[in-house]
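Enquirer: Provide a 3D model corresponding to the input given below.
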Amino acid sequence: MEDKKIILTGIRPTGNLHLGHYFGAVGNWVKSQEKYNEFIEIADVQALTDNFNNPDKVRKNVRELTLDLLACGIDPNKATLFIQSMIPEIAELTVYYSNLVTVARLERNPTIKTEISQKKELFGQGGESVTYGFLGYPVSQAADITALGGTLVPVGEDQLPLIEQAREIVRKFNSIYGETLKEPEHLLSSIPRLKGLDGNEKMGKSLGNAIFLVDPDEVITKKVMEAKTDPQKIHKDDPANPEVCMVHYYHKLVSKDNLETITAECKAGARGCINCKKELAKNLIGFLKPIKEKRRYYEENPDKVDEILKSGTEVAKKKAEETMTKVKKAIKINYFD
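Expert: As a prediction, this is how the structure comes out:
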């Protein structure tokens, strides 16, 4: 396993996974665990940067997120699941990296600028109340990646500036202290972002347009029945444009066996929106059924979940300790070695 490239990816425990997470990221992680030495970080420290006033939420969702990931097919025998806060070397490395990046550079990071603008209640209308911890998010992420020796980082397009900043930090470290760390490369998702049921470019909990993996069948059906369709289709037998219909958009993900027929009937006006939505709801429920069954197994076996997180964190910590030994030697603070 050691000769495989190391993938480091992470997700913040701020809520349950939804279809956007699955098709945009987690489904790819399930595939990549077969090919790479994969580390998946439950990024609770990063979750606290904008949930510092609600630690109970973060703690609860560490468990919920782990259950969701295991249910989706993350195999603890193939991938390493670990909790970020349990690896103190990451926090220490963040401190050293903070000397290598300016405040101005962090403020220019497009991803951070966008996220600050979306959190006005927390950080102010113009970001005047942004915290040191949140502004330094990219520094912490660089530490996450390099502490575990990550060479590939799966991301969506909106996360590319964070990876570039990590590369900059590594280059500066190596230029000052000698070649010690590897520059990470991005692994771009084939589905960068899943649209919401309302047609919004992003599916999200706060937007109220998401289907969660844990949603009961009746909730899934209700949400699908409210999905946006072609506004030009007034009557049941009117021809429609499937490319502007969110029901068809999701059919492309879970109704592939019958997609050609669905598309043709939609264009010909031979398919009513209500029946089309009912078919989508049925297919989504069928798609999520094995995920829910596996999640139920882990819910009923909490000791297994504890052991997976404990053993994974131990593996990650050992890797981080090896990196920290090299880092301290490079910056000459290995005083008693």
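
Enquirer: where does pLDDT dip in the stretch 51-200 of the chain?
Expert: 190-192 (pLDDT under 70).

Enquirer: run through the strands of it in chain order.
Expert: In the stretch 51-200 of the chain, the strands defined using DSSP state E, counting those that start in this stretch lie at 79-83, 152-155, 185-188.

Enquirer: most packed of those strands?
Expert: Ranked by mean neighbour count, these are led by strand 79-83 with a mean of 23 (mean count of other CB atoms under 10 Å). Heads up, the C-betas are built off the backbone N, CA and C, glycines and all.

Enquirer: re earlier: of all the strands of the stretch 51-200 of the chain, which one is nearest residue 54?
Expert: Proximity to residue 54, assessed across these by CB to CB, is greatest for strand 79-83 (17.8 Å).

Enquirer: just to revisit the earlier point, can I get the strands of the stretch 51-200 of the chain in CSV including distance to residue 259?
Expert: As requested, the strands of the stretch 51-200 of the chain are exported to CSV (distance: least, CB to CB, whole Å):
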stretch, distance to residue 259
strand 79-83, 31
strand 152-155, 26
strand 185-188, 25
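
Enquirer: tell me which of the ones you listed lies nearest to residue 99.
Expert: Going by CB to CB, the one of the strands of the stretch 51-200 of the chain nearest residue 99 is strand 152-155, 22.6 Å.

Enquirer: list the helices and strands the closest one packs on?
Expert: Secondary-structure packing of strand 152-155 (3 or more CB pairs under 8 Å, 6 or more residues apart in numbering; DSSP states H and E): strand 6-11, helix 27-32, helix 160-177, strand 185-188.

Enquirer: tell me the most buried of these?
Expert: strand 6-11 (a mean of 22).

Enquirer: just the CA atoms of that strand, as PDB, please.
Expert: Taking Å, rounded to 0.1, in the frame of the first residue of the first chain, the C-alpha atoms of strand 6-11 are listed here in PDB:
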ATOM      1  CA  ILE A   6      -1.400   9.300  -1.200                       C
ATOM      2  CA  ILE A   7      -4.800  11.000  -1.500                       C
ATOM      3  CA  LEU A   8      -5.800  13.400   1.200                       C
ATOM      4  CA  THR A   9      -9.300  14.600   1.300                       C
ATOM      5  CA  GLY A  10     -11.500  16.000   4.000                       C
ATOM      6  CA  ILE A  11     -15.000  17.100   4.900                       C
END
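
Enquirer: what average pLDDT does whichever helix or strand comes after that strand get?
Expert: Following strand 6-11 in sequence order, the next helix or strand is helix 19-21 (DSSP states H and E). Across helix 19-21, the average pLDDT comes to 93.

Enquirer: now the nearest residue to residue 76 once chain neighbours are set aside: which helix or strand?
Expert: Once flanking residues are discounted, residue 76 sits nearest to residue 308: 4.5 Å by CB to CB, 6 or more residues apart in numbering. Per DSSP H and E: residue 308 is located in helix 302-330.

Enquirer: now the residue lying closest to residue 221 once chain neighbours are set aside: how far from residue 255?
Expert: Spatially, and ignoring its direct neighbours in sequence, residue 221 is nearest to residue 281 (4.3 Å; CB to CB, 6+ apart). Distance, residue 281 to residue 255, by CB to CB, to the nearest Å: 11 Å.

Enquirer: may I have the residues that are in contact with the nearest residue to residue 270 once chain neighbours are set aside?
Expert: Nearest non-adjacent residue to residue 270, counting by CB to CB, 6+ apart: residue 237, 7.4 Å away. When the contact criterion is CB atoms under 8 Å, 6 or more residues apart in numbering, the partners of residue 237 are 269, 270, 272.

Enquirer: how about these in TSV, adding secondary structure?
Expert: Output for the contacts of residue 237, formatted as TSV (DSSP: H, G, I helix; E, B strand; the rest coil):
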residue	secondary structure
269	coil
270	coil
272	coil
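
Enquirer: let me know the pLDDT of the residue nearest to residue 76.
Expert: 98.

Enquirer: equivalent analysis for the one 4 residues further on, please.
Expert: In this model, residue 312 is scored at 98, pLDDT.

Enquirer: surely it and residue 81 touch.
Expert: Yes: Residue 312 lies in contact with residue 81 (CB atoms under 8 Å); the separation is 4.3 Å.
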